[in-house]
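Colleague: Quick one: sequence and predicted model below, then my questions.
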Number of protein chains: 2
Amino acid sequence: MDHNNIKILIVDDEETLREGLREYLELDGFIADTADNAENALKKPIDNYDLILLDVMMDGMSGFELATKLKDNPETANIPIIFLTAKDTEEDMVSGLNLGADDYISKPFSIKNVIARIEAVLRRSKKKEKSADVVCDRQTLTCMVDGKNIKLPRKEFEILALLLEHPGKIFSREELLNIIWPENVVVVDRSVDVHITRIRNKIAPYGKKLISRSGYGYGWQD
Amino acid sequence: MDHNNIKILIVDDEETLREGLREYLELDGFIADTADNAENALKKPIDNYDLILLDVMMDGMSGFELATKLKDNPETANIPIIFLTAKDTEEDMVSGLNLGADDYISKPFSIKNVIARIEAVLRRSKKKEKSADVVCDRQTLTCMVDGKNIKLPRKEFEILALLLEHPGKIFSREELLNIIWPENVVVVDRSVDVHITRIRNKIAPYGKKLISRSGYGYGWQD
DNA sequence: CTTTTATATTAAAAGTTTATTACAATACCG
DNA sequence: CGGTATTGTAATAAACTTTTAATATAAAAG
(Lines give C-alpha, C1' and ligand atoms only; values in the text may rest on other atoms or scores of the structure.)
Protein backbone atom coordinates (compact mmCIF):
# COMPACT_ATOMS: atom_id res chain seq x y z
CA MET A 1 0.00 0.00 0.00
CA ASP A 2 1.15 3.50 -0.73
CA HIS A 3 1.65 5.53 2.38
CA ASN A 4 3.50 8.19 0.56
CA ASN A 5 4.24 11.23 2.65
CA ILE A 6 2.09 10.23 5.57
CA LYS A 7 3.89 11.43 8.68
CA ILE A 8 3.41 9.68 11.95
CA LEU A 9 4.70 10.66 15.35
CA ILE A 10 5.29 7.89 17.86
CA VAL A 11 5.37 8.95 21.49
CA ASP A 12 6.43 6.21 23.89
CA ASP A 13 9.03 5.99 26.60
CA GLU A 14 9.77 2.34 25.98
CA GLU A 15 12.66 2.41 23.56
CA THR A 16 12.36 -1.11 22.13
CA LEU A 17 8.74 -0.67 21.31
CA ARG A 18 9.14 2.84 20.00
CA GLU A 19 11.98 2.09 17.64
CA GLY A 20 10.44 -1.19 16.58
CA LEU A 21 7.29 0.60 15.60
CA ARG A 22 9.23 3.23 13.74
CA GLU A 23 11.13 0.62 11.77
CA TYR A 24 8.03 -1.28 10.74
CA LEU A 25 6.08 1.81 9.85
CA GLU A 26 8.91 3.05 7.69
CA LEU A 27 9.15 -0.33 6.01
CA ASP A 28 5.54 0.09 5.23
CA GLY A 29 6.11 3.42 3.57
CA PHE A 30 5.18 5.85 6.32
CA ILE A 31 7.43 8.65 7.43
CA ALA A 32 7.88 8.04 11.13
CA ASP A 33 9.31 10.22 13.84
CA THR A 34 9.59 9.51 17.53
CA ALA A 35 9.60 11.22 20.91
CA ASP A 36 10.48 9.50 24.16
CA ASN A 37 8.05 11.44 26.30
CA ALA A 38 5.25 13.95 26.10
CA GLU A 39 7.40 16.95 26.88
CA ASN A 40 9.74 16.19 24.01
CA ALA A 41 6.83 15.52 21.73
CA LEU A 42 5.65 19.06 22.36
CA LYS A 43 8.97 20.38 21.10
CA LYS A 44 8.23 18.87 17.70
CA PRO A 45 6.29 20.73 15.02
CA ILE A 46 3.22 18.76 15.90
CA ASP A 47 0.92 20.19 13.29
CA ASN A 48 3.16 18.66 10.67
CA TYR A 49 2.15 15.15 11.51
CA ASP A 50 -0.80 13.35 10.07
CA LEU A 51 -1.32 11.07 13.01
CA ILE A 52 0.06 10.45 16.48
CA LEU A 53 0.60 7.13 18.19
CA LEU A 54 0.58 8.00 21.84
CA ASP A 55 1.47 5.89 24.83
CA VAL A 56 -0.85 6.47 27.75
CA MET A 57 1.46 5.65 30.64
CA MET A 58 4.60 7.72 30.61
CA ASP A 59 6.68 9.38 33.26
CA GLY A 60 6.00 13.06 33.54
CA MET A 61 3.13 14.19 31.37
CA SER A 62 0.81 11.29 30.57
CA GLY A 63 -0.51 10.53 27.15
CA PHE A 64 -3.93 11.72 28.23
CA GLU A 65 -2.56 15.04 29.33
CA LEU A 66 -0.71 15.51 26.09
CA ALA A 67 -3.79 14.58 24.09
CA THR A 68 -5.86 17.08 26.05
CA LYS A 69 -3.33 19.80 25.27
CA LEU A 70 -3.35 18.94 21.60
CA LYS A 71 -7.10 18.81 21.38
CA ASP A 72 -7.37 22.17 23.11
CA ASN A 73 -5.17 23.85 20.57
CA PRO A 74 -7.01 24.59 17.34
CA GLU A 75 -3.76 24.14 15.41
CA THR A 76 -3.49 20.54 16.44
CA ALA A 77 -7.03 19.67 17.42
CA ASN A 78 -7.78 17.62 14.38
CA ILE A 79 -4.67 15.52 14.21
CA PRO A 80 -5.87 11.99 14.80
CA ILE A 81 -4.55 10.29 17.92
CA ILE A 82 -4.32 6.57 18.55
CA PHE A 83 -3.53 5.61 22.10
CA LEU A 84 -1.20 2.76 22.95
CA THR A 85 -2.29 1.20 26.18
CA ALA A 86 -1.39 -1.70 28.39
CA LYS A 87 -3.98 -4.42 28.72
CA ASP A 88 -4.70 -3.57 32.32
CA THR A 89 -5.60 0.06 31.69
CA GLU A 90 -7.99 -0.78 28.93
CA GLU A 91 -10.87 0.41 31.07
CA ASP A 92 -9.51 3.92 31.21
CA MET A 93 -9.68 4.15 27.46
CA VAL A 94 -13.27 5.18 27.68
CA SER A 95 -12.22 8.54 29.02
CA GLY A 96 -9.41 8.64 26.51
CA LEU A 97 -11.77 8.20 23.65
CA ASN A 98 -14.28 10.64 25.04
CA LEU A 99 -11.51 13.18 25.14
CA GLY A 100 -11.23 13.04 21.42
CA ALA A 101 -8.91 10.18 20.58
CA ASP A 102 -9.74 8.25 17.45
CA ASP A 103 -8.78 4.76 18.50
CA TYR A 104 -6.64 2.79 20.87
CA ILE A 105 -4.50 -0.30 20.62
CA SER A 106 -3.72 -2.60 23.50
CA LYS A 107 -0.21 -3.81 24.03
CA PRO A 108 1.08 -6.17 23.00
CA PHE A 109 -0.05 -5.63 19.44
CA SER A 110 0.80 -6.99 16.03
CA ILE A 111 2.26 -4.58 13.53
CA LYS A 112 -0.40 -5.58 11.04
CA ASN A 113 -3.06 -4.56 13.47
CA VAL A 114 -1.38 -1.23 14.06
CA ILE A 115 -1.20 -0.46 10.38
CA ALA A 116 -4.80 -1.46 9.85
CA ARG A 117 -5.90 0.87 12.62
CA ILE A 118 -3.81 3.70 11.29
CA GLU A 119 -5.33 3.32 7.86
CA ALA A 120 -8.82 3.17 9.27
CA VAL A 121 -8.31 6.29 11.31
CA LEU A 122 -6.75 8.22 8.44
CA ARG A 123 -9.61 7.24 6.22
CA ARG A 124 -12.07 8.57 8.73
CA SER A 125 -10.17 11.75 9.45
CA LYS A 126 -9.88 12.66 5.80
CA LYS A 127 -13.60 13.03 5.70
CA LYS A 128 -13.57 15.42 8.62
CA GLU A 129 -10.66 17.46 7.37
CA LYS A 130 -12.84 19.93 5.60
CA SER A 131 -12.80 22.25 8.59
CA ALA A 132 -9.86 24.49 7.66
CA ASP A 133 -9.71 28.24 7.52
CA VAL A 134 -10.31 31.65 6.05
CA VAL A 135 -8.02 34.58 6.75
CA CYS A 136 -8.09 38.20 5.64
CA ASP A 137 -4.98 40.33 5.42
CA ARG A 138 -5.56 44.06 5.41
CA GLN A 139 -2.00 44.65 4.26
CA THR A 140 -2.34 42.84 0.99
CA LEU A 141 -6.12 43.15 0.89
CA THR A 142 -6.37 39.52 0.08
CA CYS A 143 -8.18 36.66 1.57
CA MET A 144 -6.76 33.18 2.02
CA VAL A 145 -9.09 30.25 1.75
CA ASP A 146 -7.36 27.00 2.56
CA GLY A 147 -4.08 28.65 1.76
CA LYS A 148 -5.30 29.86 -1.60
CA ASN A 149 -5.42 33.56 -2.31
CA ILE A 150 -8.67 34.89 -3.56
CA LYS A 151 -9.45 38.42 -4.57
CA LEU A 152 -12.52 40.08 -3.12
CA PRO A 153 -13.96 43.40 -4.22
CA ARG A 154 -13.68 46.16 -1.68
CA LYS A 155 -17.01 45.95 0.07
CA GLU A 156 -16.89 42.23 0.27
CA PHE A 157 -13.39 42.34 1.64
CA GLU A 158 -14.25 44.93 4.24
CA ILE A 159 -17.22 43.01 5.48
CA LEU A 160 -15.43 39.71 5.66
CA ALA A 161 -12.37 41.23 7.32
CA LEU A 162 -14.51 42.95 9.92
CA LEU A 163 -16.44 39.83 10.75
CA LEU A 164 -13.27 37.75 10.97
CA GLU A 165 -11.73 40.28 13.31
CA HIS A 166 -14.63 39.82 15.68
CA PRO A 167 -15.46 36.16 15.58
CA GLY A 168 -18.71 35.41 17.31
CA LYS A 169 -19.98 38.96 17.31
CA ILE A 170 -23.17 39.55 15.42
CA PHE A 171 -23.25 42.79 13.42
CA SER A 172 -26.57 44.25 12.49
CA ARG A 173 -26.96 45.49 8.95
CA GLU A 174 -27.10 48.98 10.32
CA GLU A 175 -23.77 48.55 12.07
CA LEU A 176 -22.17 47.22 8.94
CA LEU A 177 -23.51 50.10 6.90
CA ASN A 178 -22.19 52.59 9.44
CA ILE A 179 -18.77 51.05 9.65
CA ILE A 180 -18.08 50.16 6.05
CA TRP A 181 -20.03 52.62 3.95
CA PRO A 182 -19.10 56.31 3.76
CA GLU A 183 -21.14 58.72 5.87
CA ASN A 184 -23.23 60.32 3.23
CA VAL A 185 -24.25 57.37 1.15
CA VAL A 186 -27.56 55.77 1.70
CA VAL A 187 -28.15 52.24 0.61
CA VAL A 188 -30.94 49.92 1.29
CA ASP A 189 -29.93 47.41 3.93
CA ARG A 190 -30.83 44.52 1.69
CA SER A 191 -27.60 45.29 -0.15
CA VAL A 192 -25.75 43.78 2.75
CA ASP A 193 -27.51 40.50 2.14
CA VAL A 194 -26.37 40.48 -1.42
CA HIS A 195 -22.77 41.08 -0.44
CA ILE A 196 -23.02 38.31 2.10
CA THR A 197 -24.27 35.91 -0.52
CA ARG A 198 -21.38 36.84 -2.79
CA ILE A 199 -18.84 36.40 -0.03
CA ARG A 200 -20.27 33.05 0.90
CA ASN A 201 -19.91 31.81 -2.63
CA LYS A 202 -16.35 32.99 -2.92
CA ILE A 203 -15.14 31.49 0.33
CA ALA A 204 -16.77 28.14 -0.28
CA PRO A 205 -16.68 25.70 1.41
CA TYR A 206 -16.68 27.95 4.45
CA GLY A 207 -19.72 29.94 3.51
CA LYS A 208 -21.66 28.35 6.29
CA LYS A 209 -19.35 29.93 8.85
CA LEU A 210 -20.67 33.29 7.86
CA ILE A 211 -23.84 32.88 9.83
CA SER A 212 -26.96 34.95 9.85
CA ARG A 213 -29.04 35.40 12.96
CA SER A 214 -32.56 36.15 11.99
CA GLY A 215 -33.59 39.52 13.33
CA TYR A 216 -30.07 40.44 14.39
CA GLY A 217 -27.59 40.36 11.55
CA TYR A 218 -24.46 38.51 10.50
CA GLY A 219 -21.39 37.11 12.18
CA TRP A 220 -18.50 34.72 11.83
CA GLN A 221 -18.64 31.45 13.60
CA ASP A 222 -15.52 29.31 13.77
CA MET B 1 -24.94 -0.60 48.59
CA ASP B 2 -27.76 1.87 48.47
CA HIS B 3 -29.06 2.37 44.98
CA ASN B 4 -32.12 4.08 46.21
CA ASN B 5 -34.24 5.51 43.46
CA ILE B 6 -31.73 5.03 40.71
CA LYS B 7 -33.70 4.17 37.61
CA ILE B 8 -32.15 2.11 34.90
CA LEU B 9 -33.54 1.25 31.51
CA ILE B 10 -32.40 -1.99 29.90
CA VAL B 11 -32.82 -2.19 26.15
CA ASP B 12 -32.07 -5.60 24.70
CA ASP B 13 -33.96 -7.92 22.42
CA GLU B 14 -32.68 -11.06 24.08
CA GLU B 15 -35.29 -11.85 26.66
CA THR B 16 -33.26 -14.12 28.94
CA LEU B 17 -30.49 -11.62 29.25
CA ARG B 18 -32.80 -8.66 29.59
CA GLU B 19 -34.94 -10.11 32.32
CA GLY B 20 -31.95 -11.62 34.07
CA LEU B 21 -30.33 -8.24 34.21
CA ARG B 22 -33.47 -6.65 35.48
CA GLU B 23 -33.81 -9.20 38.24
CA TYR B 24 -30.25 -8.76 39.44
CA LEU B 25 -30.33 -5.02 39.26
CA GLU B 26 -33.52 -4.94 41.27
CA LEU B 27 -32.03 -7.31 43.82
CA ASP B 28 -29.26 -4.83 44.11
CA GLY B 29 -31.62 -2.00 44.86
CA PHE B 30 -31.96 -0.33 41.47
CA ILE B 31 -35.28 0.43 39.90
CA ALA B 32 -35.10 -1.33 36.56
CA ASP B 33 -37.30 -1.09 33.51
CA THR B 34 -36.92 -2.85 30.19
CA ALA B 35 -37.62 -2.45 26.50
CA ASP B 36 -37.23 -5.22 23.95
CA ASN B 37 -36.09 -2.99 21.14
CA ALA B 38 -35.07 0.57 20.36
CA GLU B 39 -38.44 1.60 19.01
CA ASN B 40 -40.20 0.58 22.20
CA ALA B 41 -37.53 2.24 24.29
CA LEU B 42 -38.38 5.52 22.61
CA LYS B 43 -41.93 5.17 23.82
CA LYS B 44 -40.72 5.30 27.41
CA PRO B 45 -40.26 8.58 29.29
CA ILE B 46 -36.55 8.37 28.67
CA ASP B 47 -35.52 11.45 30.56
CA ASN B 48 -36.78 9.79 33.70
CA TYR B 49 -34.00 7.26 33.74
CA ASP B 50 -30.64 7.79 35.32
CA LEU B 51 -28.81 5.41 33.06
CA ILE B 52 -29.44 3.23 30.03
CA LEU B 53 -28.00 -0.20 29.32
CA LEU B 54 -28.21 -0.51 25.59
CA ASP B 55 -27.64 -3.50 23.38
CA VAL B 56 -25.81 -2.62 20.19
CA MET B 57 -27.14 -5.30 17.87
CA MET B 58 -30.89 -5.32 17.65
CA ASP B 59 -33.36 -5.87 14.87
CA GLY B 60 -34.75 -2.63 13.56
CA MET B 61 -33.07 0.40 15.03
CA SER B 62 -29.62 -0.47 16.35
CA GLY B 63 -28.31 0.60 19.71
CA PHE B 64 -26.01 3.08 17.99
CA GLU B 65 -28.87 4.68 16.18
CA LEU B 66 -30.89 4.97 19.35
CA ALA B 67 -27.91 6.45 21.19
CA THR B 68 -27.41 8.99 18.43
CA LYS B 69 -31.04 9.99 18.71
CA LEU B 70 -30.79 10.38 22.45
CA LYS B 71 -27.56 12.34 22.31
CA ASP B 72 -29.02 14.66 19.72
CA ASN B 73 -31.92 15.53 21.94
CA PRO B 74 -30.93 17.99 24.64
CA GLU B 75 -33.51 16.48 26.98
CA THR B 76 -31.77 13.17 26.98
CA ALA B 77 -28.26 14.07 25.91
CA ASN B 78 -26.67 13.65 29.28
CA ILE B 79 -28.25 10.44 30.37
CA PRO B 80 -25.34 8.03 30.65
CA ILE B 81 -25.38 5.14 28.24
CA ILE B 82 -23.54 1.86 28.64
CA PHE B 83 -23.46 -0.31 25.56
CA LEU B 84 -23.84 -4.04 25.75
CA THR B 85 -21.85 -5.60 22.97
CA ALA B 86 -20.86 -9.01 21.73
CA LYS B 87 -17.18 -9.83 21.88
CA ASP B 88 -16.79 -9.78 18.14
CA THR B 89 -18.04 -6.26 17.67
CA GLU B 90 -15.77 -4.86 20.30
CA GLU B 91 -13.81 -2.93 17.72
CA ASP B 92 -16.84 -0.97 16.67
CA MET B 93 -17.13 0.37 20.17
CA VAL B 94 -14.68 3.10 19.37
CA SER B 95 -17.28 4.79 17.25
CA GLY B 96 -19.87 4.05 19.88
CA LEU B 97 -17.86 5.79 22.51
CA ASN B 98 -17.01 8.69 20.28
CA LEU B 99 -20.68 9.18 19.82
CA GLY B 100 -21.03 9.97 23.48
CA ALA B 101 -21.51 6.69 25.27
CA ASP B 102 -19.99 6.42 28.70
CA ASP B 103 -18.84 2.84 28.72
CA TYR B 104 -19.41 -0.53 27.19
CA ILE B 105 -19.56 -4.08 28.48
CA SER B 106 -18.81 -7.13 26.39
CA LYS B 107 -21.07 -10.12 26.55
CA PRO B 108 -20.96 -12.41 28.32
CA PHE B 109 -20.53 -10.40 31.47
CA SER B 110 -20.75 -10.98 35.18
CA ILE B 111 -23.44 -9.15 37.07
CA LYS B 112 -20.82 -7.85 39.47
CA ASN B 113 -18.98 -6.28 36.61
CA VAL B 114 -22.13 -4.69 35.31
CA ILE B 115 -22.92 -3.15 38.66
CA ALA B 116 -19.39 -1.90 39.08
CA ARG B 117 -19.54 -0.21 35.69
CA ILE B 118 -22.89 1.33 36.44
CA GLU B 119 -21.61 2.75 39.68
CA ALA B 120 -18.49 4.09 38.02
CA VAL B 121 -20.47 5.77 35.29
CA LEU B 122 -22.96 7.28 37.70
CA ARG B 123 -20.14 8.57 39.86
CA ARG B 124 -18.58 10.26 36.87
CA SER B 125 -21.80 11.73 35.60
CA LYS B 126 -22.60 13.20 38.99
CA LYS B 127 -19.40 15.18 38.87
CA LYS B 128 -20.31 16.69 35.57
CA GLU B 129 -23.70 17.69 36.82
CA LYS B 130 -22.25 20.03 39.37
CA SER B 131 -20.65 22.30 36.80
CA ALA B 132 -23.94 23.21 35.29
CA ASP B 133 -24.85 26.50 33.86
CA VAL B 134 -26.94 28.62 31.57
CA VAL B 135 -25.46 31.91 30.43
CA CYS B 136 -26.56 34.42 27.85
CA ASP B 137 -24.09 36.61 26.01
CA ARG B 138 -25.50 39.69 24.39
CA GLN B 139 -22.35 40.15 22.32
CA THR B 140 -22.62 36.97 20.40
CA LEU B 141 -26.32 36.64 21.07
CA THR B 142 -25.79 33.07 22.07
CA CYS B 143 -26.64 31.09 25.09
CA MET B 144 -24.31 28.59 26.71
CA VAL B 145 -25.87 25.51 28.21
CA ASP B 146 -23.31 23.38 29.97
CA GLY B 147 -20.64 24.95 27.86
CA LYS B 148 -22.50 24.26 24.65
CA ASN B 149 -23.54 27.16 22.50
CA ILE B 150 -27.11 27.21 21.47
CA LYS B 151 -28.71 29.78 19.24
CA LEU B 152 -32.09 31.07 20.24
CA PRO B 153 -34.40 33.09 18.02
CA ARG B 154 -34.70 36.72 18.94
CA LYS B 155 -37.69 36.74 21.25
CA GLU B 156 -36.56 33.65 23.06
CA PHE B 157 -33.10 35.07 23.52
CA GLU B 158 -34.34 38.40 24.78
CA ILE B 159 -36.62 36.78 27.30
CA LEU B 160 -34.04 34.38 28.62
CA ALA B 161 -31.34 37.03 28.77
CA LEU B 162 -33.62 39.35 30.69
CA LEU B 163 -34.63 36.72 33.21
CA LEU B 164 -31.04 35.64 33.72
CA GLU B 165 -29.99 39.22 34.32
CA HIS B 166 -32.51 39.44 37.15
CA PRO B 167 -32.39 36.09 38.88
CA GLY B 168 -35.22 35.66 41.31
CA LYS B 169 -37.35 38.46 39.96
CA ILE B 170 -40.72 37.46 38.63
CA PHE B 171 -41.74 39.27 35.48
CA SER B 172 -45.41 39.46 34.64
CA ARG B 173 -46.36 38.73 31.08
CA GLU B 174 -47.28 42.36 30.72
CA GLU B 175 -43.82 43.47 31.81
CA LEU B 176 -42.18 41.12 29.38
CA LEU B 177 -44.36 42.37 26.57
CA ASN B 178 -43.51 45.97 27.44
CA ILE B 179 -39.79 45.40 27.64
CA ILE B 180 -39.20 43.06 24.75
CA TRP B 181 -41.88 43.80 22.22
CA PRO B 182 -41.90 47.03 20.20
CA GLU B 183 -44.28 49.73 21.38
CA ASN B 184 -46.95 49.46 18.80
CA VAL B 185 -47.41 45.74 18.50
CA VAL B 186 -50.15 44.03 20.36
CA VAL B 187 -49.98 40.36 21.04
CA VAL B 188 -52.02 38.14 23.22
CA ASP B 189 -50.14 37.41 26.41
CA ARG B 190 -50.44 33.69 25.88
CA SER B 191 -47.65 34.11 23.34
CA VAL B 192 -45.27 34.52 26.21
CA ASP B 193 -46.16 31.09 27.48
CA VAL B 194 -45.31 29.56 24.16
CA HIS B 195 -41.93 31.24 24.11
CA ILE B 196 -41.28 30.06 27.63
CA THR B 197 -42.07 26.49 26.68
CA ARG B 198 -39.71 26.69 23.77
CA ILE B 199 -36.94 28.16 25.85
CA ARG B 200 -37.37 25.46 28.45
CA ASN B 201 -36.98 22.80 25.84
CA LYS B 202 -33.90 24.34 24.38
CA ILE B 203 -32.07 24.84 27.65
CA ALA B 204 -32.85 21.37 28.91
CA PRO B 205 -31.99 20.08 31.44
CA TYR B 206 -32.31 23.47 33.10
CA GLY B 207 -35.82 24.16 31.95
CA LYS B 208 -37.08 23.76 35.47
CA LYS B 209 -35.07 26.78 36.56
CA LEU B 210 -37.28 28.95 34.44
CA ILE B 211 -40.10 28.91 36.94
CA SER B 212 -43.65 30.08 36.60
CA ARG B 213 -45.54 31.61 39.52
CA SER B 214 -49.19 31.07 38.94
CA GLY B 215 -50.98 34.38 38.72
CA TYR B 216 -47.75 36.40 38.60
CA GLY B 217 -45.49 35.45 35.74
CA TYR B 218 -42.08 33.96 35.09
CA GLY B 219 -38.64 34.16 36.61
CA TRP B 220 -35.26 32.49 36.86
CA GLN B 221 -34.41 30.52 39.92
CA ASP B 222 -30.83 29.37 40.35
C1' DC C 1 -63.13 17.39 46.47
C1' DT C 2 -65.00 20.08 42.92
C1' DT C 3 -64.87 24.05 40.41
C1' DT C 4 -62.50 27.65 38.57
C1' DT C 5 -58.58 29.70 36.89
C1' DA C 6 -53.95 29.55 35.21
C1' DT C 7 -50.29 27.38 32.76
C1' DA C 8 -48.26 23.89 29.36
C1' DT C 9 -48.11 21.93 25.04
C1' DT C 10 -48.96 21.31 20.27
C1' DA C 11 -49.95 22.21 15.67
C1' DA C 12 -51.01 25.21 12.20
C1' DA C 13 -51.46 29.85 10.32
C1' DA C 14 -49.59 34.25 9.81
C1' DG C 15 -45.91 37.15 9.62
C1' DT C 16 -40.89 38.36 9.12
C1' DT C 17 -36.52 37.90 7.71
C1' DT C 18 -33.09 36.14 4.70
C1' DA C 19 -31.33 34.05 0.21
C1' DT C 20 -30.92 34.24 -4.44
C1' DT C 21 -31.29 35.98 -8.97
C1' DA C 22 -31.20 39.03 -12.65
C1' DC C 23 -30.52 43.34 -14.09
C1' DA C 24 -29.47 48.39 -13.73
C1' DA C 25 -26.31 51.85 -12.27
C1' DT C 26 -21.93 53.22 -11.13
C1' DA C 27 -17.11 53.28 -10.76
C1' DC C 28 -12.60 51.82 -12.55
C1' DC C 29 -8.94 51.03 -15.94
C1' DG C 30 -6.50 50.97 -19.92
C1' DC D 1 -14.13 56.41 -24.65
C1' DG D 2 -15.27 51.57 -24.34
C1' DG D 3 -15.08 47.60 -21.71
C1' DT D 4 -14.88 45.24 -17.43
C1' DA D 5 -15.56 44.82 -12.65
C1' DT D 6 -18.11 46.33 -8.83
C1' DT D 7 -22.06 47.84 -6.35
C1' DG D 8 -26.98 48.60 -5.69
C1' DT D 9 -31.98 47.56 -6.36
C1' DA D 10 -35.97 44.99 -6.75
C1' DA D 11 -38.55 40.85 -7.12
C1' DT D 12 -39.46 36.38 -5.78
C1' DA D 13 -38.47 32.20 -3.35
C1' DA D 14 -37.14 29.97 0.70
C1' DA D 15 -36.29 29.74 5.48
C1' DC D 16 -37.27 30.93 9.83
C1' DT D 17 -39.90 33.20 13.66
C1' DT D 18 -43.85 34.51 15.95
C1' DT D 19 -48.63 34.33 16.92
C1' DT D 20 -52.92 32.29 17.51
C1' DA D 21 -56.01 28.98 18.89
C1' DA D 22 -57.26 24.53 20.67
C1' DT D 23 -56.53 21.10 24.04
C1' DA D 24 -54.40 19.06 28.02
C1' DT D 25 -52.51 19.54 32.42
C1' DA D 26 -51.75 21.67 36.72
C1' DA D 27 -52.66 25.05 40.49
C1' DA D 28 -55.63 27.84 43.34
C1' DA D 29 -59.99 28.82 45.23
C1' DG D 30 -64.20 27.71 47.08
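Modeller: Perfect, I can see it now.

Colleague: Walk me through the domains of chain A.
Modeller: For chain A, automatic domain parsing gives the domain ranges A:7-128, A:134-220.

Colleague: now for those domains, which one comes closest to B:Gly60?
Modeller: B:Gly60 lies closest to domain A:7-128 among these, at 26.2 Å (C-beta to C-beta). Heads up, the C-betas are built off the backbone N, CA and C, glycines and all.

Colleague: So what's the gap between the longest helix seen in chain A and the chain middle?
Modeller: Taking DSSP state H as the criterion, chain A has its longest helix at helix A:111-128. Between the centre of helix A:111-128 and the centre of its host chain there is 17 Å, according to C-alpha atoms, centre = their mean, to the nearest Å.

Colleague: For the lowest-mean-pLDDT helix or strand in chain A, which residues meet the burial criterion?
Modeller: Least confident helix or strand, chain A: helix A:93-98 with a mean of 74, by mean pLDDT, DSSP states H and E. Across helix A:93-98, burial judged by 16 or more other C-beta atoms under 10 Å in any protein chain shown covers A:Met93, A:Val94, A:Gly96, A:Leu97.

Colleague: wait, what's in contact with the closest residue to A:Ile159 other than its chain neighbours?
Modeller: Spatially, and ignoring its direct neighbours in sequence, A:Ile159 is nearest to A:His195 (5.7 Å; C-beta to C-beta, 6 or more residues apart in numbering or on different chains). Contacts for A:His195 were tallied using C-beta atoms under 8 Å, 6 or more residues apart in numbering or on different chains; they are A:Lys155, A:Glu156, A:Ile159.

Colleague: Among those, which are located in helices?
Modeller: A:Lys155, A:Glu156, A:Ile159.

Colleague: from those residues, which single one is nearest A:Glu183?
Modeller: Of all these, the one with the least separation from A:Glu183 (C-beta to C-beta) is A:Lys155, at 15.5 Å.

Colleague: Tell me who's in contact with A:Tyr24.
Modeller: A:Ile111, A:Val114, A:Ile115.

Colleague: Tell me the buried residues within the residues you listed.
Modeller: Of the contacts of A:Tyr24, these count as buried by 16+ other C-beta under 10 Å: A:Val114, A:Ile115.

Colleague: just the contacts of A:Tyr24 now: which is nearest chain B?
Modeller: Chain B lies nearest to A:Val114 out of the contacts of A:Tyr24, by C-beta to the nearest C-beta, at 13.6 Å.

Colleague: Spatially nearest residue to that closest one (excluding sequence neighbours)?
Modeller: A:Val114's closest residue in space is A:Ile105 (C-beta to C-beta, 6+ apart), at 6.1 Å.

Colleague: again, but for A:Tyr104
Modeller: Closest to A:Tyr104 by C-beta to C-beta, 6+ apart is A:Phe83, at 3.9 Å.

Colleague: And A:Arg200, by the same measure?
Modeller: Nearest in space to A:Arg200, with sequence neighbours left out and distances taken as C-beta to C-beta, 6+ apart, is A:Gly207 at 3.4 Å.

Colleague: State the phi and psi torsions of the one you found.
Modeller: With angles defined as degrees, to the nearest 10, A:Gly207 sits at phi -50, psi -30.

Colleague: what's the answer for the one 10 residues further on, then?
Modeller: Dihedral angles of A:Gly217 (phi, psi; degrees, to the nearest 10) stand at phi 150, psi -140.

Colleague: May I have the beta-bridge partners of it?
Modeller: A:Arg213 (DSSP bridges).

Colleague: hmm, back to that, in the contacts of A:His195, which residue is surrounded by the most others?
Modeller: Among these, A:Ile159 has the most neighbours (other C-beta atoms under 10 Å in any protein chain shown), with 23 neighbours.

Colleague: Correct me if wrong: that residue contacts A:Val194.
Modeller: No. Judged on C-beta atoms under 8 Å, A:Ile159 makes no contact with A:Val194 at a distance of 11.0 Å.

Colleague: neighbours around the residue nearest to A:Val114, how many?
Modeller: 18.

Colleague: Compute the distance between whatever residue of chain A ends up closest to DNA strand D and B:Ile52, please.
Modeller: Of all residues in chain A, the one sitting closest to DNA strand D is A:Pro153 (2.6 Å; C-beta to the nearest atom of the strand). According to C-beta to C-beta, to the nearest Å, A:Pro153 stands 54 Å off from B:Ile52.

Colleague: any chance of the contacts of A:His195 in CSV, plus pLDDT and distance to B:Arg190?
Modeller: CSV is the format used below for the contacts of A:His195 (pLDDT from 0 to 100; distance: C-beta to C-beta, whole Å):
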residue, pLDDT, distance to B:Arg190
A:Lys155, 95, 44
A:Glu156, 96, 44
A:Ile159, 96, 40
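
Colleague: Relative to DNA strand C, which of the residues you listed is nearest.
Modeller: Within these, proximity to DNA strand C (C-beta to the nearest atom of the strand) peaks at A:Lys155, which comes in at 11.2 Å.

Colleague: and the closest one, what does it touch?
Modeller: Applying C-beta under 8 Å, 6+ apart, the residues near A:Lys155 are A:Ile180, A:His195.

Colleague: Please report how far it lies from B:His166.
Modeller: In terms of C-beta to C-beta, A:Lys155 sits 41 Å off from B:His166.

Colleague: can you pull out the helices in chain A?
Modeller: Under DSSP H, chain A gives helices at A:15-27, A:38-43, A:63-72, A:93-98, A:111-128, A:154-165, A:173-180, A:190-202.

Colleague: Mind checking the pLDDT average for the first one?
Modeller: I take that to be helix A:15-27. Across helix A:15-27, the average pLDDT comes to 88.

Colleague: And it, what's buried?
Modeller: Those would be A:Leu17, A:Arg18, A:Leu21, A:Arg22, A:Leu25, for helix A:15-27 by 16+ other C-beta under 10 Å.

Colleague: now that helix and helix A:111-128, what's the angle there?
Modeller: Angle between the axes of helix A:15-27 and helix A:111-128 is 60 degrees (criterion: axes from the mean of the first three to the mean of the last three C-alpha atoms, to 10 degrees).

Colleague: per-residue confidence at the nearest residue to A:Val192 once chain neighbours are set aside?
Modeller: The spatial neighbour of A:Val192 that comes closest, neighbours along the chain excluded (C-beta to C-beta, 6+ apart), is A:Arg173 at 4.6 Å. Note for A:Arg173: predicted pLDDT of 96.
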